[in-house]
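Asker: What would the 3D arrangement of this be:
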Amino acid sequence: MIRRILVVVCFGRLLKLICVVKRREERTKLKQISDEIQLLDAQYSVNPSDVLYKKRVQLQSQYNLLTSGRIEKQLLHTKQRFFEQGDKAGKLLAYQARTEAASRLIPRIRGTRQGCPLSPLLFALAVEPLAIWLRSENGFEGITRHGQLHKISFYADDLLLYMSNPTSSLPVILDIFEKFGKYSGYKLNFGKSDYIPINSAADLLPQGLLPFRKASDGFKYLGILVTRSFSELFAKNYIPLIERCKSDLARWSSLPLSLIGRVNLIKMSILPQFLYLFQHIPVFIRKSFFSKLDQLISSFLWCNKRARIGRSALRLPKPLGGLALPDFRYYYWACNINNLLHWNTGKAELIHLHTHSISHTDTHTCTIFLSKYYVKKNITFECAHMSAYVRVSAHVCA
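Answerer: Prediction:
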């Protein structure tokens, strides 16, 4: 019981310390990756030596930096010189107590109990100095697009580095990892680290120059296959997903489930997989794709027999006599419109304002209302890939 109380107390205090990474949820981070899909498209003018690296690293010891009572003061005021103090800095973190007196020895252990809420907070607190160091390092040359410099994208233990001139930048990065690893145990896993060249000029670099695997066809980041060409995103992500769903639905067809149970299975298992891609990949999807998906779902609902209830009736809300069967096309529209609000207007709260002004059951009307808002405002886009969202809005308003 005492241990649980201590965990709750520490959890509340750590939330105050890592305000710099608060609300850094997956959708927000993947939004940045989706924004940077333009770096992989060959139609953009890219520096001859631009190379995009993906490094997947693992923190093997979270507590080497976290055994001090004054950890908040040490890490919130981190400077580069902090990592060059040798044993003096390590002893300060390990033995300095709040009372300004030497404390008794603190046992160092790795990891936390499974499901402990402290685990991700401790990880974020320990890895943030590395992110600050990489961003502030002048020897690490990032990639500039639309006047903004991009160097790193961090989510959990997945790290993406946007690098130009790798011959000069890579030694600096490896040196940072080596110095940081002496204090934190944070080691670079070369077996799980990949790099992908953005353009043809980067392909000419000698492969022995880079101590990582070359991912010529793209790499997987947080469940999404990032390809070199923007036009390949749909084929590499959506086509395999619909094939997996087809296989799953065929396997589940023999289960003794009622119609309500089958609808709930679609909601809980199939919809989240597509919703994840709808939110994170800025591609235009044709109506034929959703028609094929609807046919697969209909065959599953009626066990490959003729449907006895129309699809439009099943999609009605439960208070109106339906089963709230999800319409994947409307979910796709809503996700794209929400991204338009978040990326281009900087007023993501507008979507909440407009949705609350309309009945919660009338989701289709809400979606059309939001898309017309963009068309009427005649919003211009800096990124050419936003044309996909314009096409989506045109379909909604048709």
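Asker: how much space is there between the nearest residue to Leu174 once chain neighbours are set aside and Asn165?
Answerer: Using CB to CB, 6 or more residues apart in numbering and skipping the chain neighbours, the partner closest in space to Leu174 is Leu188 (7.5 Å). Backbone N, C-alpha and C define where each C-beta goes, glycine included. Distance, Leu188 to Asn165, using CB to CB, to the nearest Å: 20 Å.
Asker: Neighbour count: those two, which is higher?
Answerer: Leu188 (20 against 14; other CB atoms under 10 Å).
Asker: so where is the chain shaky, pLDDT-wise?
Answerer: Residues of the chain meeting the criterion pLDDT under 70: 1-112, 342-398.
Asker: the domain parsing of it - what is it?
Answerer: Domain ranges of the chain: 1-77, 137-227+385-396, 255-376, per the TED database.
Asker: burial count for Phe123?
Answerer: Per other CB under 10 Å, the neighbour tally for Phe123 reads 17.
Asker: Equivalent analysis for Asp248, please.
Answerer: 16.
Asker: ok, now Phe290?
Answerer: Every residue meeting other CB under 10 Å relative to Phe290 is counted, giving 17.
Asker: what's it in contact with, if anything?
Answerer: Phe328, Arg329, Tyr332 (CB atoms under 8 Å, 6 or more residues apart in numbering).
Asker: Most neighbours among these, which one?
Answerer: Ranking those using other CB under 10 Å puts Tyr332 first, with 22 neighbours.
Asker: tell me which residues in stretch 179-192 are buried?
Answerer: If you call a residue buried by 16 or more other CB atoms under 10 Å, then stretch 179-192 has these buried ones: Phe180, Gly181, Tyr183, Ser184, Gly185, Tyr186, Leu188.
Asker: these two touch, right, Ala126 and Ser184?
Answerer: Yes: contact criterion CB atoms under 8 Å: Ala126 and Ser184 qualify, at 5.9 Å.
Asker: name the helices or strands packed onto the host helix or strand of Pro240?
Answerer: Take DSSP states H and E as the rule and Pro240 turns out to sit in helix 233-252. Counting contacts by 3 or more CB pairs under 8 Å, 6 or more residues apart in numbering; DSSP states H and E, helix 233-252 packs against strand 224-226, helix 271-280, helix 287-301.
Asker: which SS class is the residue nearest to Leu210 when sequence neighbours are not counted?
Answerer: In space, and not counting its chain neighbours, Leu210 is closest to Tyr195: 5.8 Å by CB to CB, 6+ apart. Using DSSP: H, G, I helix; E, B strand; the rest coil, the structure places Tyr195 in strand.
Asker: can I assume the residue nearest to Leu174 is in contact with Phe180?
Answerer: No: in this structure, Leu188 is not within contact of Phe180 by CB under 8 Å, at 9.8 Å.
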